[in-house]
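A.B. asks: Any chance you can model this:
(2 chains)
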Amino acid sequence: MTTALGWIRERIVLLLGIAVLVYTFVPIAVVVLMSFNDPASRVVYRFDEFTLDNWLNPCLDPSLCDAVVRSLQIGVLATVASTVLGTLAAFALVRHQFVGRSATNLLVFLPMAIPEIVLGSSLLALFVAAGFAGQLGFWTILIAHIMFCLSFVVVTVRARLAGMDDTLEQAAMDLYATPAQTFWRVTFPLVFPGILGAALLAFSLSFDDFIITNLNAGTTTTFPMYVYGAAQRGVPMQVNVIGTLMFVISIAIVLVGELRRRKQLV
Amino acid sequence: MSESTRRAGKTGYLLLLPAVLWLAIFFVVPFYSLVATSLYDPTGSVFRGYEMTWSFGNYADALSEAWEPLLRSLWYGAIATLLCLVLGYVLAYAIAFKSGRWKNLMLVLVIAPFFTSFLVRTLSWKLILEDDGFIVNSLQFLQLLGDDGRLLATPIAVVAGLTYNFLPFMVLPLFASIDKIDHRLIEAAGDLYANPIVGFFRVTWPLSLPGVVSGTLLTFIPASGDYINAQLLGSPNQRMVGNVIQNLFTDANDYPAAGALSMILVILIVALVLLYVRRAGTEELL
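C.D. replies: Purely as a prediction, here's the structure:
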């Protein structure tokens, strides 16, 4: 008994940490469980009976799948655009001299420090003032997503670049590599994990955004907007299938990345 | 990288141009647009157009209309941030100092749940906190909740949702700070006869302050602007300022009032953040 208590006392912090971690997984467990639920009614949200139907017919409500596809399209486009623009800016901020560095750093930082509801409403105010109130939809959502993903990309890539040892690049130059060769064979491969991480972050931010999107979407519906709407009138269990898939896919991506990293280390 | 190894010339500006242009057009100009909107003549409408009449009265109107949800937002945001700090500190500390070779795995596990949609997770909290659910029944059994007591549609549910949803914003900066702390400093405190608790408060905690400051800001700002948790887990009695702004824009189409309220929220948050950063005494946020 005393040894058991001693064992716990020695590991109390770790055990508490694991408890917090378990708590963060409880809602995920519920999502996975509900994806196998055959609900008795649409109004009462609770587990009734096991079924595979939701997984076999994920598009039973076509508007759900339309919304998912739209979120994927916007997510991919916003990721590509914000990753390219953000990576270029990160290189400029870390590797180049120019006037207005601190102003630029502030410009990049502010969108992350302002509540989303304000970012969303200010964009809406612009679109309305510019006479686009009737054209809110796919393109205005995309513009908004690129805007808020951009800062996160710059910060992520900048951190990677700033933490990088530049003696390797100097060595390449010493060995008569041209600047282009140095960039593509030394610098870029070293920064690439940072760029990839930034892209994944941008994609998940875009795919998951509700507040800014909802203000600038007009009648267009993305996946989070579909879920929000469904919460008022009864949630189809297929929403949980999508949620489970998102979880599984992101875990898989992280695991593949980790395995590749370990292989490179060996 | 030292200043001397930075390359001079035009390339820097060219690399920066696209991103800066995008942010200027779709972040700075909109902000100006929001300020303008907040000063439009409130008798106009989205359909007929608004006139710029410098109606500062919009701000007074917005405040008298919505001071309650506004204060509630800051209050809920603050409690959620405090809860996140406690939970997040334990988790970040455990990962940084106690997880050994499982460190990477635990870090991945911290982020993993948050790749599942924010809204789907919040709905799942709705199920967890439901009236006849396991948690409510257990609390009733323990007499911590009255027989007809409930969690959904109460401030507890909204704050619980906020705490859950914004936890990673706290854990990651905390981890970054705690992970950097040199173990030998804590050992030295022990050698100087500090017990672990004193050692924690005199060494670990002060060294983790940069993480605490950026974590609390990263949690407080989005949490006090959020309205999804209030909408899905609360009732109209837990309305936060985000709900009001959203309704003014999309349902009432009252753009000047919505703009003024957005501006008030920004001003309040910026003031609180400046006050807090000055008190906390660290400015390495940028």
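
A.B. asks: Around the spatially closest residue to residue B:273 that is not a sequence neighbour, how many other residues sit close by?
C.D. replies: Residue nearest to residue B:273 in three dimensions, not counting chain neighbours: residue B:217, with 6.1 Å by Cβ to Cβ, 6 or more residues apart in numbering or on different chains. The C-beta positions use only the backbone N, C-alpha and C, and glycine is treated the same way. Neighbours of residue B:217 under the rule other Cβ atoms under 10 Å in any protein chain shown: 23.

A.B. asks: CA atoms only: put stretch A:147-159 into CSV for me.
C.D. replies: The C-alpha trace of stretch A:147-159 is given here as CSV (Å, rounded to 0.1, in the frame of the first residue of the first chain):
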residue,chain,number,x,y,z
MET,A,147,-5.8,36.8,-44.9
PHE,A,148,-6.0,35.1,-41.5
CYS,A,149,-3.9,32.0,-42.5
LEU,A,150,-1.1,34.3,-43.8
SER,A,151,0.1,35.4,-40.4
PHE,A,152,0.3,31.9,-39.0
VAL,A,153,2.3,30.8,-42.0
VAL,A,154,4.8,33.7,-41.6
VAL,A,155,5.2,33.1,-37.9
THR,A,156,5.7,29.3,-38.3
VAL,A,157,8.2,29.6,-41.2
ARG,A,158,10.0,32.5,-39.6
ALA,A,159,10.6,30.5,-36.5
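
A.B. asks: Counting neighbours, which bits of that stretch end up buried?
C.D. replies: Neighbour counts over stretch A:147-159 (16 or more other Cβ atoms under 10 Å in any protein chain shown) mark A:147-159 as buried.

A.B. asks: cool, and stretch A:166-184?
C.D. replies: In stretch A:166-184, counting by 16+ other Cβ under 10 Å, buried: A:166, A:169, A:172, A:177, A:182-183.

A.B. asks: Verify the contact between the residue nearest to residue B:273 and residue A:113 for me.
C.D. replies: Yes: between residue B:217 and residue A:113 there is a contact at 7.4 Å, judged by Cβ atoms under 8 Å.

A.B. asks: So which elements touch the helix or strand in which residue B:265 is found?
C.D. replies: Assigned by DSSP states H and E, residue B:265 belongs to helix B:255-280. Packing partners of helix B:255-280 (3 or more Cβ pairs under 8 Å, 6 or more residues apart in numbering or on different chains; DSSP states H and E): helix A:116-129, helix B:29-37, helix B:57-93, helix B:209-225, helix B:241-250.

A.B. asks: now residue A:16: how far from chain B?
C.D. replies: For residue A:16, the distance to chain B equals 5 Å [Cβ to the nearest Cβ, to the nearest Å].

A.B. asks: State the pLDDT value of the residue nearest to that residue when sequence neighbours are not counted.
C.D. replies: Closest residue in space to residue A:16, ignoring its immediate chain neighbours: residue B:90 at 4.9 Å, by Cβ to Cβ, 6+ apart. We have a pLDDT of 95 for residue B:90.

A.B. asks: So which bits of the stretch 151-266 of chain A are right by chain B?
C.D. replies: A:151, A:154, A:162, A:166, A:204, A:207-208, A:210-211, A:214-215, A:223-224, A:227-228, A:231, A:235, A:239-240, A:242-244, A:246-247, A:250-251, A:254-255, A:258 (Cβ under 8 Å from any Cβ of the partner chain).

A.B. asks: If you rank every helix and strand of chain B by mean pLDDT, what lands last?
C.D. replies: helix B:134-141 (a mean of 82; mean pLDDT, DSSP states H and E).

A.B. asks: any idea of the angle the helix or strand encompassing residue A:151 forms with helix B:29-37?
C.D. replies: Using DSSP H and E, residue A:151 maps to helix A:138-162. Computed by axes from the mean of the first three to the mean of the last three Cα atoms, to 10 degrees, the angle separating helix A:138-162 from helix B:29-37 equals 130 degrees.

A.B. asks: circling back: any chance of the helices and strands packed on helix B:255-280 in TSV, plus distance to residue B:127?
C.D. replies: Formatted as TSV, the helices and strands packed on helix B:255-280 follow (distance: least, Cβ to Cβ, whole Å):
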stretch	distance to residue B:127
helix A:116-129	25
helix B:29-37	37
helix B:57-93	20
helix B:209-225	22
helix B:241-250	22
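
A.B. asks: quick one, which of those helices is nearest to residue B:159?
C.D. replies: helix B:57-93 (5.3 Å; Cβ to Cβ).

A.B. asks: Taking the centroid of chain A, which residue is nearest it?
C.D. replies: By Cα atoms, centre = their mean, the mean C-alpha position of chain A lies nearest to residue A:204, the distance being 1.9 Å.
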